[in-house]
Each structure stands twice: as structure tokens, then as C-alpha cells.
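**Student:** Build me a model:
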Amino acid sequence: MLIPSSGGIFEVQVGDDLVFSKVQTGRFPEPDEAERLVGAAIGAD
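**Tutor:** Residues are numbered from 1 along each chain as shown. Down below sits the predicted model:
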């Protein structure tokens with residue numbers, strides 16, 4: 001689900017687990033990085 005916000009926040013969660021945070025890393029994810037992190041969080045191959 002996409003939840004709009006403001007202030008430059010970009011976070012990716014799987015359930016209650018935060019898998020990527022622009023606030024914590026100081027950057028946007030690299031190409032395919034968010035997809036890879038979500039796949040790892042759900043146990044996809």
C-alpha cells in the first residue's frame with residue numbers, strides 16, 4: 001500500500017518491519033534495491 005506523506009520521507013515496510021528508510025540511510029534506494037529488500041523480507045527466492 002502506498003501512503004503519501006511529506007517532508008522527503010521515503011520508507012518501505014513489509015508488515016511492521018521497516019526494510020528501507022531514506023531518513024536512516026540519507027539516500028533513495030538504488031535501482032532494484034527496494035524490490036530485493038522486500039523479497040528478502042517475505043522470503044522470496
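**Student:** what packs against the lengthiest helix in the chain?
**Tutor:** Using DSSP state H to define each element, the chain has its longest helix at helix 33-42. Here helix 33-42 touches strand 11-14, strand 17-21, going by 3 or more Cβ pairs under 8 Å, 6 or more residues apart in numbering; DSSP states H and E. Quick note: C-beta positions are derived from backbone N, CA and C, even for glycine.
**Student:** partner strands of the shortest one, parallel or antiparallel?
**Tutor:** Read that as strand 11-14. The pairing partners recorded for strand 11-14 under DSSP bridges are strand 17-21 (antiparallel).
**Student:** which parts of the strand it pairs with are buried?
**Tutor:** Residues of strand 17-21 classed as buried by neighbour count (16 or more other Cβ atoms under 10 Å): 19-20.
**Student:** quick one: that strand to chain centroid distance?
**Tutor:** 5 Å (Cα atoms, centre = their mean, to the nearest Å).
**Student:** Report the angle between it and helix 33-42.
**Tutor:** 160 degrees (axes from the mean of the first three to the mean of the last three Cα atoms, to 10 degrees).
**Student:** could I get strand 17-21 in CSV with only the CA atoms?
**Tutor:** Provided in CSV are the C-alpha atoms of strand 17-21 (Å, rounded to 0.1, in the frame of the first residue of the first chain):
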residue,chain,number,x,y,z
ASP,A,17,9.1,-4.4,9.5
LEU,A,18,11.0,-1.4,8.1
VAL,A,19,13.1,-2.7,5.3
PHE,A,20,14.4,0.6,3.9
SER,A,21,14.4,4.2,5.2
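**Student:** Downstream of that strand, the next helix or strand is which one?
**Tutor:** Counting by DSSP states H and E, the element after strand 17-21 in chain order, helix or strand, is helix 22-25.
**Student:** now the helices and strands packed on helix 33-42 as a markdown table including mean pLDDT and distance to residue 30?
**Tutor:** Formatted as a markdown table, the helices and strands packed on helix 33-42 follow (pLDDT from 0 to 100; distance: least, Cβ to Cβ, whole Å):
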| stretch | mean pLDDT | distance to residue 30 |
| --- | --- | --- |
| strand 11-14 | 94 | 13 |
| strand 17-21 | 96 | 10 |
